[in-house]
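Chemist: Here is my input; please provide its structure:
(one chain, ligands or ions: 1)
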Amino acid sequence: MKFGKISPEIVQELKDAVGKDVIFDEKTHRMAYSRDWSPRDDKNTTLPDVVVRPRTTEEVAKIVSIANKHRIPVTPMGGLTGMGGGAVPIYGGIAFETKGLNKVLEIDVENMTATVQAGITLWDLNQEAKRHGLYLPHEPESKKAVTVGASIACNNDSTFGIRHGRMVDHLSNAVIVTGEGKIVRAGRRKAMCSNSGYQLNWLLVGSEGTLGIVTEATVKLIPVQKNRLVDMIVFPSLNDSMYAIRDIMHAGLALESAHINCKQRLRFYTHSYKEKHGHEPEIPEWSEALLGISFATAEDTDEIIKFNRDYAIKICEKNKGLLVKEVEITDGWWASKYTVNFTPFKQKWPDSQREKKFGAVDCGFPIGRIEEGYDKFIEIATKYNQQILGMCVYHERPNRLSPSISFAVFVDDKDPENIQGFYSYVREMSEAAIEMGGTSATYIGDSEFKTPWIGELEHQEAYEYMFKIKQVFDPNGIMNPGKKFPIKMFGYKE
Ligand SMILES: Cc1cc2nc3c(=O)[nH]c(=O)nc-3n(C[C@H](O)[C@H](O)[C@H](O)COP(=O)(O)OP(=O)(O)OC[C@H]3O[C@@H](n4cnc5c(N)ncnc54)[C@H](O)[C@@H]3O)c2cc1C
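Modeler: A predicted model of the protein is given here:
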């Protein structure tokens with residue numbers, strides 16, 4: 001069996017159903033939707049046959065119904081910043097641009113919720129919420145481009161995860177268009193807690209567009225934070241920095257962010273210092289880990305967070321930490337994480353990402369084996385000739401050590417061998433993580449490149465049940481084919 005092909009008649013059928021201003025089949029449009037941020041060479045790029053940009057849930061449902069009738073692949077797309085090929089239309093078909101679904105439907109100040117169309121970016125949602133004194137504390141670095149729908153679909157991480165968690169912690173309601181074109185409202189309306197039925201809205205979290213297209217979401221907001229204190233502390237080992245975070249939480253201090261960087265990433269953050277002073281800052285030779293922390297409050301005064309911050313620094317010092325005094329370094333880190341005004345992104349190599357892109361494997365190691373995970377990173381990246389950028393660790397469950405890890409390297413997009421080496425590195429790192437009791441994915445997801453082996457390596461018995469769920473939502477396997485389940489499981493030929 002093969003997927004259906006888009007013909008001029010099907011393009012016309014789509015135009016008749018939703019209007020010609022929603023459907024684009026010119027090559028220039030199709031080229032713009034052929035890849036995401038994942039390292040790949042030009043030969044490994046598939047053009048979609050048509051691009052759609054609907055504006056309502058009903059239009060989405062009409063398009064998916066037509067696709068389902070003709071068994072045309074449908075690939076949902078957000079900001080296309082995904083790093084694993086999740087939004088790449090590997091079997092052609094329909095590139096589903098969701099950014100036309102960009103309206104704020106309601107800000108409910110009393111209940112502190114926002115209901116939005118899912119193609120809105122996190123940034124635009126917050127611009128609107130802030131006008132009401134509220135905000136969604138979900139802040140990946142890429143928030144200017146990333147959509148709410150993609151944040152649900154790929155369960156991405158957030159600078160403020162250690163205090164506020166991820167989308168799963170904010171999401172009370174979602175509307176999904178299934179692979180059959182049915183509109184399903186899943187969730188608890190505006191109640192944040194419910195144990196009625198299955199929590200289908202949470203099933204969508206991390207589903208990577210394989211169950212359907214998220215078209216609307218209701219998310220919980222918090223008051224805008226008026227005061228914030230940001231610091232960096234260096235440690236002689238990664239474990240010491242972990243222990244410091246643990247002890248800060250156990251002391252009852254409300255960390256807003258906690259982000260560990262390995263020593264290779266230090267030069268990222270020393271950049272602004274070097275620019276200003278003309279020389280490198282004096283960071284102790286023994287520094288193996290760099291911990292960035294913040295405390296924030298909705299109060300007009302910084303009294304409470306000052307107490308929290310001072311106490312946290314004492315705890316860091318007890319764990320062999322040393323406060324970084326050079327504000328430019330701390331500012332550099334904060335700019336990269338939060339204010340989106342990060343100098344290295346604008347500089348020339350070796351400090352920039354203009355000449356070579358970064359690629360990352362996001363496998364997770366258990367807390368007690370982070371140091372070993374880091375050693376594996378150096379060993380395996382070196383084995384596959386990958387240029388090391390560095391490791392960083394967020395924590396993504398409120399008040400817990402819960403590492404979401406990025407093991408990043410620079411990848412030369414113009415060198416197929418280097419790209420091939422990158423994917424061997426991804427697989428071997430994932431194998432090492434699983435063997436040590438960890439996981440193959442903490443923020444990128446299964447995406448295109450892990451799909452051929454995740455069933456066997458990562459999920460074993462449970463994979464069969466996952467496939468049954470997939471079949472319920474998408475019986476013909478048209479939703480983002482080749483992600484999470486190889487297409488042969490639906491009887492399609494490559
Ligand atoms: C410079 C840079 C910094 C980054 N920083 C971070 C970071 O701090 N934290 C982090 O976690 N990631 C980060 N990333 C990775 C990336 O931004 C995230 O994975 C993000 O979630 C991708 O969102 P997107 O809108 O670009 O989605 P896309 O790449 O377009 O899509 C991602 C996945 O979601 C699916 N999808 C999209 N919209 C929908 C929808 N409406 N319904 C169903 N499925 C949908 C797609 O099919 C795909 O599987 C970064 C990337 C870059 C390039």
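Chemist: Which helix or which strand is home to residue 139?
Modeler: Secondary structure assignment for residue 139, by DSSP states H and E: no helix or strand.
Chemist: which helices and strands does the worst-scoring helix or strand of the chain on mean pLDDT pack with?
Modeler: Between all helices and strands in the chain, the lowest mean by mean pLDDT, DSSP states H and E belongs to helix 266-277, at a mean of 80. Helices and strands touching helix 266-277, as assessed by 3 or more CB pairs under 8 Å, 6 or more residues apart in numbering; DSSP states H and E, comprise helix 327-334. The C-beta positions use only the backbone N, C-alpha and C, and glycine is treated the same way.
Chemist: what's the helix or strand just after the helix it packs on in contact with?
Modeler: Read in the C-terminal direction, the helix or strand following helix 327-334 is strand 357-361, with elements assigned using DSSP H and E. Residues external to strand 357-361 that are found in contact with it (CB atoms under 8 Å, 6 or more residues apart in numbering): 37-39, 83, 389, 406-411, 413, 422, 425-426, 429-430, 444.
Chemist: quick one: which of those residues sit in helices?
Modeler: Members of the contacts of strand 357-361 lying in helices (criterion: DSSP state H): 422, 425-426, 429-430.
Chemist: Help me confirm that residue 478 comes into contact with residue 3.
Modeler: Yes. Taking contact to mean CB atoms under 8 Å, the distance of 7.5 Å between residue 478 and residue 3 places them in contact.
Chemist: what about the two, which has more around it?
Modeler: residue 478 (26 against 21; other CB atoms under 10 Å).
Chemist: okay, now the domains of the chain?
Modeler: The chain resolves into domains spanning 8-99+473-490, 104-223, 227-345, 357-447 when parsed by automatic domain parsing.
Chemist: Reformat these as JSON lines; add distance to residue 454.
Modeler: Listed next are those as JSON lines, based on distance: least, CB to CB, whole Å:
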{"stretch": "domain 8-99+473-490", "distance to residue 454": "7"}
{"stretch": "domain 104-223", "distance to residue 454": "11"}
{"stretch": "domain 227-345", "distance to residue 454": "26"}
{"stretch": "domain 357-447", "distance to residue 454": "5"}
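Chemist: Let me see the contact set for the residue of the stretch 301-450 of the chain found nearest the ligand.
Modeler: Nearest residue of the stretch 301-450 of the chain to the ligand (CB to the nearest ligand atom) works out as residue 443 at 3.8 Å. Counting by CB under 8 Å, 6+ apart, residue 443 touches 154-157, 362, 394, 396, 404, 406.
Chemist: hmm, try it at 10 Å
Modeler: Remark: with contacts taken as CB atoms under 10 Å, 6 or more residues apart in numbering, residue 443 is in contact with 83-84, 140, 154-158, 161, 166, 206, 360, 362, 364, 394, 396, 404-406.
Chemist: can you check residue 205 too?
Modeler: Applying CB under 10 Å, 6+ apart, we find residue 205 in contact with 151-155, 166-169, 171, 174, 199, 214.
Chemist: Which helix or strand contains the nearest residue to it once chain neighbours are set aside?
Modeler: Closest residue to residue 205 apart from its sequence neighbours, by CB to CB, 6 or more residues apart in numbering: residue 168 at 4.6 Å. Per DSSP H and E: residue 168 is located in helix 167-170.
Chemist: picking that back up, mutual contacts of residue 478 and residue 3, please.
Modeler: Contact criterion CB under 10 Å, 6+ apart; residues bridging residue 478 and residue 3 by contacting each: 67, 70-73, 91, 93, 490, 492.
Chemist: And the pLDDT at the residue most central in space within the chain?
Modeler: With the centre of the chain defined as its mean C-alpha position, the nearest residue by CA atoms, centre = their mean is residue 156, 2.7 Å away. Looking at residue 156, its pLDDT is 96.
Chemist: Any regions of the chain where pLDDT drops low?
Modeler: With pLDDT under 70 as the threshold, the chain has low-confidence stretches at 341-355.
Chemist: which bits of it sit near the ligand?
Modeler: For the chain, the residues in contact with the ligand (CB under 6 Å from any ligand atom) are 36-37, 75-83, 86-87, 98, 118, 140-142, 145-147, 149-151, 153-154, 156-157, 208-209, 213-214, 443-444, 480.
Chemist: Quote the end-to-end distance of stretch 358-369.
Modeler: Between the opening and closing residues of stretch 358-369 lies a distance of 25 Å (CA to CA, to the nearest Å).
Chemist: Next, the buried residues of it.
Modeler: For stretch 358-369, the buried set under the neighbour-count rule, 16 or more other CB atoms under 10 Å, comprises 358-365, 367, 369.
Chemist: CA-only coordinates of stretch 283-290 in PDB, if you can.
Modeler: Listed in PDB are the C-alpha atoms of stretch 283-290, where the atom choice follows Å, rounded to 0.1, in the frame of the first residue of the first chain:
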ATOM      1  CA  ILE A 283      37.200  32.100  36.300                       C
ATOM      2  CA  PRO A 284      38.900  29.600  38.500                       C
ATOM      3  CA  GLU A 285      40.700  26.800  36.700                       C
ATOM      4  CA  TRP A 286      38.900  24.200  38.700                       C
ATOM      5  CA  SER A 287      35.400  25.200  37.400                       C
ATOM      6  CA  GLU A 288      33.700  22.200  35.900                       C
ATOM      7  CA  ALA A 289      30.100  23.400  36.200                       C
ATOM      8  CA  LEU A 290      28.400  26.700  36.000                       C
END
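Chemist: Buried residues of it, list them for me.
Modeler: Here stretch 283-290 shows 283, 287-290 as buried, counting by 16+ other CB under 10 Å.
Chemist: Out of those residues, which comes closest to residue 246?
Modeler: residue 289 (13.8 Å; CB to CB).
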